[in-house]
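Chemist: how does the following fold in three dimensions:
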Amino acid sequence: MATDTLSVPAQPPGPPGPAPDLRSGYTASNATRLLCAGTYLDPVYRATVIRELLTHRFRVVAPSYGYDAVPVLAHALAARRLHRARLVVLAAGLLLTFLLTRAGVLNVVTASLTEVWLVWVTAYLRRVITLQTLMTRLRRRTGPGNRWPRCTVRTSRQHRSGDSPSFARPPCES
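Modeler: This next block holds a predicted model:
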């Protein structure tokens, strides 16, 4: 005799829960912050980060313990983009100066001074943008988990009068 099997249909999936947080716990670490800052300050380090993490497509990146490699790579790419933008603005300014010199609008001395000024201005603006980035995006975060003690600094008058403790250990808040 044939037996009938009763199959129970599969239950439909429930509503999706919150997406798991795939970021590492090192995103806000001091090491990550300093490595990100290094990409703006050292062009060789920036090129190495981009080459090791981005250009080798068929090689697996080793896990990064103690820091998060994703923001470091993002800041390396932003620093490279900033450097390339500076070079484009400088090249456009130098080309414009050359064309104005050939057209007779600028004499050679004025064109030379303009070219030197363009080099200085683009380097200066790049430093200003870099410092602004370091001060806003990469500043040390203070909070319950990342709180650095605040130390008081004594003035030279306090030192001469002996009103404050020794320099060996400044008084700090907890």
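Chemist: contacts and neighbour counts: CA atoms only from here.
Modeler: Noted.
Chemist: which parts of the helix or strand hosting residue 117 are buried?
Modeler: Assigned by DSSP states H and E, residue 117 belongs to helix 108-136. For helix 108-136, a neighbour-count test (16 or more other Cα atoms under 10 Å) marks 111, 112, 114, 115, 118, 119, 122, 126, 130, 131, 133, 134 as buried.
Chemist: now the last one: closest residue in space that isn't a chain neighbour?
Modeler: What it means is residue 134. Nearest residue to residue 134, sequence neighbours excluded (Cα to Cα, 6 or more residues apart in numbering): residue 37, at 6.5 Å.
Chemist: tell me who's in contact with the one you found.
Modeler: Going by Cα atoms under 8 Å, 6 or more residues apart in numbering, residue 37 touches 75, 134, 138.
Chemist: so what's the last one up against?
Modeler: What that stands for is residue 138. By Cα under 8 Å, 6+ apart, the residues touching residue 138 are 33, 36, 37.
Chemist: burial of the first one, as a residue count?
Modeler: With neighbours defined by other Cα atoms under 10 Å, the count for residue 33 comes to 22.
Chemist: still on that earlier bit, what's the following helix or strand after the helix or strand encompassing the residue nearest to residue 134?
Modeler: Using DSSP H and E, residue 37 sits in helix 30-41. Next in sequence after helix 30-41, counting helices and strands by DSSP H and E, comes helix 43-50.
Chemist: can you tell me which helix in this structure is longest?
Modeler: The longest helix of the chain (DSSP state H) is helix 69-102.
Chemist: next, the angle from that helix to helix 108-136.
Modeler: Helix 69-102 runs at 160 degrees relative to helix 108-136, counting by axes from the mean of the first three to the mean of the last three Cα atoms, to 10 degrees.
Chemist: how about the nearest residue to residue 36, chain neighbours excluded?
Modeler: Nearest one to residue 36, counting by Cα to Cα, 6+ apart, is residue 72 at 4.7 Å.
Chemist: which residues lie in contact with that neighbour in this structure?
Modeler: Contacts for residue 72 (Cα under 8 Å, 6+ apart) come out as 32, 35, 36, 39, 49.
Chemist: how near is it to residue 51?
Modeler: 13 Å (Cα to Cα, to the nearest Å).
Chemist: what's the answer for residue 89, then?
Modeler: The gap separating residue 89 from residue 51 is 25 Å, by Cα to Cα.
Chemist: may I have stretch 133-143 as PDB, with CA atoms only?
Modeler: Taking Å, rounded to 0.1, in the frame of the first residue of the first chain, the C-alpha atoms of stretch 133-143 are listed here in PDB:
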ATOM      1  CA  THR A 133      41.300  68.300   7.400                       C
ATOM      2  CA  LEU A 134      43.600  67.200  10.200                       C
ATOM      3  CA  MET A 135      42.000  69.600  12.600                       C
ATOM      4  CA  THR A 136      38.300  68.700  11.800                       C
ATOM      5  CA  ARG A 137      38.100  65.200  10.500                       C
ATOM      6  CA  LEU A 138      41.000  63.600  12.300                       C
ATOM      7  CA  ARG A 139      41.000  65.400  15.700                       C
ATOM      8  CA  ARG A 140      41.200  63.400  18.800                       C
ATOM      9  CA  ARG A 141      37.700  62.400  19.900                       C
ATOM     10  CA  THR A 142      36.800  63.000  23.500                       C
ATOM     11  CA  GLY A 143      34.100  61.000  25.100                       C
END
